[in-house]
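> Sequence first, then the predicted structure, then my questions.
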Amino acid sequence: MIKPVTIKDLARQLNISISTVSRALRNANDINPDTKETVLKLARELEYEPNFIAQSLVKKQTRIIGVVVPLINSNYFSEALSGMTDLAIEQNYHLMICQSNERVDLENKSIRKLVACNINGLLISVSKDTKSPEVIREAQNKNIPVVMFDRIIPEVSCTKVIVDEYEGAYKAVEHLIRKGCKKIAHIGGPRDLSVSKKRKQGYLDALRDYKIEDDPKLIIHCKSFEEDASNAIRKVLAESPDAIFCINDLTAIMAIQYARKKGFSIPGDIRIVGFNNDPVSGVVQPALTTVMQPGYEVGKLAMGVLIDEIEKKTAKHKLFTLRTRLVTRLSSR
C-alpha cells in the first residue's frame, strides 16, 4: 500500500520548514513567490492531497453539510440533491447524504450521526411519519444551522424551501374541470404529511370555486404510496369518476395501467393527472399530464441559504416558495 504524500515529505525534499510549505499550499501572502511556485510544482508532481480531516480539526470547520432525504431513488429528490451538489462543489463544501427510507427511527439516527461528524449545517426533508421536531432541535441546540426543504415541520424555527403544492394541485384540478370533468377523484398521500395536505386543499378549493361538490367517497389517502395505491385505485374506480388527480406520478401511472386493464379508455372514459413530472411520465402510454416541480432549483436554493447561514451572511429565518408548472399531455386531453 502506497503511503500518501504529506507536508513533511514536501518539506524534507525541498529542505525547507513545514510551516513554509503549509503557507505556500494555502496561498499565503507572506511567502516568496518563487518558493511558493517550487512547493506547488512538487506537490503536483507527487500528487499531494491535503489531509481534509486534519485541516478541519485545526480550523474547527469541516465544511461538511449533512443531508437527509426520505428516498434517494425518487426523481424529485435526486434532482434536489443534484442542485445541492453543484452549489456545494462551487462553494467548496462537501455533502454527507443519508436516506431515511421513510422511517422516523432511521431519520433520527441519521441526524445524530451527522451531528457527531461535526457537520457545519443540516438540510432535511422529513419522512412521511415524522411529527416531532425533537431531534432536529437537538442539532439546532448545538448551533448547527438547519434548512428544511419540500417536506417540512411548521413548528421548527428555521429557513424552509418549499414548492407551492397548493397552486400546483389547484391548476391540475382546474384543468380537468375545464375539460368538462365533474366527478373528479383524488388519491392522496399520508394525511399528516405537509405536501399531502396542501395538494388536497388545492383539489378541494378548485372544486369549490367551480361549484362542484366534493364527495368523500372520491377521496382516498394512502399511508404508503406504493403499497396502498393499488387498493386506492380500485376503490376510486368503483365510484365511476370521470377524472383522477393523483398525489404523484407513480400513483397516476398505476391508475392508468389498472384502468386500461379494466377496459377504460384514457382519456376517453377517465382523465388522469399526476404530480412531479418524473421522466417516465412522458413515455408512459398515454403520456401523463402532470405538475412539474423545480427539484433542482429547490436543492440549489436550499443549499445556498444554508451556506449563507453557516458563513453568518444571514441569520434571519425565511420561507422560500417556488412555483410549479402544469405539463399537459394525452392522459387529460
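Arrived safely. Numbering: from 1, shown residues only.

> Please make it C-alpha for all contacts and neighbour counts, starting now.
Fine.

> Lys318: neighbour count?
By the criterion of other C-alpha atoms under 10 Å, Lys318 has 13 neighbours.

> Wait, it touches Ile162, no?
No - with contacts counted by C-alpha atoms under 8 Å, Lys318 stays clear of Ile162, the gap being 11.0 Å.

> those strands in this structure, which residues are they?
64-69, 94-99, 121-124, 146-149, 159-163, 184-188, 219-221, 243-246, 271-273, 290-292, 319-322, 325-327 (DSSP state E).

> Alpha carbons only: can I get stretch 200-207 in CSV?
Below are the C-alpha coordinates for stretch 200-207, written out as CSV (Å, rounded to 0.1, in the frame of the first residue of the first chain):
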residue,chain,number,x,y,z
LYS,A,200,-55.6,18.0,-1.1
GLN,A,201,-56.6,21.6,-0.2
GLY,A,202,-55.8,22.7,-3.8
TYR,A,203,-58.0,20.0,-5.1
LEU,A,204,-60.9,20.9,-2.7
ASP,A,205,-60.7,24.6,-3.4
ALA,A,206,-60.7,24.1,-7.2
LEU,A,207,-63.9,22.1,-6.9
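
> Show residues contacting it.
165-171, 173-174, 186, 188, 213-214 (C-alpha atoms under 8 Å, 6 or more residues apart in numbering).

> In these, find the pair that's most separated.
Glu165 and Glu213 (21.6 Å; C-alpha to C-alpha).

> who's more crowded, those two?
Legend: neighbour count by other C-alpha under 10 Å for Glu165 and Glu213, higher for Glu165 (25 against 13).

> pretty sure that one contacts Ser194?
No - under the criterion of C-alpha under 8 Å, Glu165 is not in contact with Ser194, lying 9.3 Å apart.

> overlap in contacts of the two?
Contacts common to Glu165 and Ser194, judged by C-alpha under 8 Å, 6+ apart, are absent.

> can you map out the helices along the stretch 201-333 of the chain?
With DSSP state H, counting those that start in this stretch, the ranges of helices along the stretch 201-333 of the chain come out as 225-237, 249-261, 295-310.

> which one of those lies closest to Thr62?
helix 295-310 (11.4 Å).

> who touches the closest one?
Contacts of helix 295-310 (C-alpha under 8 Å, 6+ apart): 76-77, 79-88, 120-123, 145-150, 159-163, 314-315, 322.

> now the angle from it to strand 159-163?
170 degrees (axes from the mean of the first three to the mean of the last three C-alpha atoms, to 10 degrees).

> What residues of helix 295-310 count as buried?
Across helix 295-310, burial judged by 16 or more other C-alpha atoms under 10 Å covers 295-307, 309-310.

> Worst mean pLDDT among the strands of the chain?
Among these, strand 219-221 has the lowest mean pLDDT, at a mean of 91.

> buried sites along that strand?
Buried-residue list, strand 219-221, by 16+ other C-alpha under 10 Å: 219-221.

> circling back to that earlier point, now a ChimeraX select for only the buried ones of the contacts of stretch 200-207.
In ChimeraX, this line selects whichever of the contacts of stretch 200-207 come out buried by 16+ other C-alpha under 10 Å:
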select :165,166,167,168,169,170,171,173,174,186,188,214
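
> Is it possible to get a markdown table of the contacts of stretch 200-207 that adds distance to Leu326?
Putting these into a markdown table (distance: C-alpha to C-alpha, whole Å) gives the following:
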| residue | distance to Leu326 |
| --- | --- |
| Glu165 | 12 |
| Tyr166 | 12 |
| Glu167 | 10 |
| Gly168 | 7 |
| Ala169 | 9 |
| Tyr170 | 10 |
| Lys171 | 7 |
| Val173 | 10 |
| Glu174 | 11 |
| His186 | 17 |
| Gly188 | 18 |
| Glu213 | 24 |
| Asp214 | 22 |
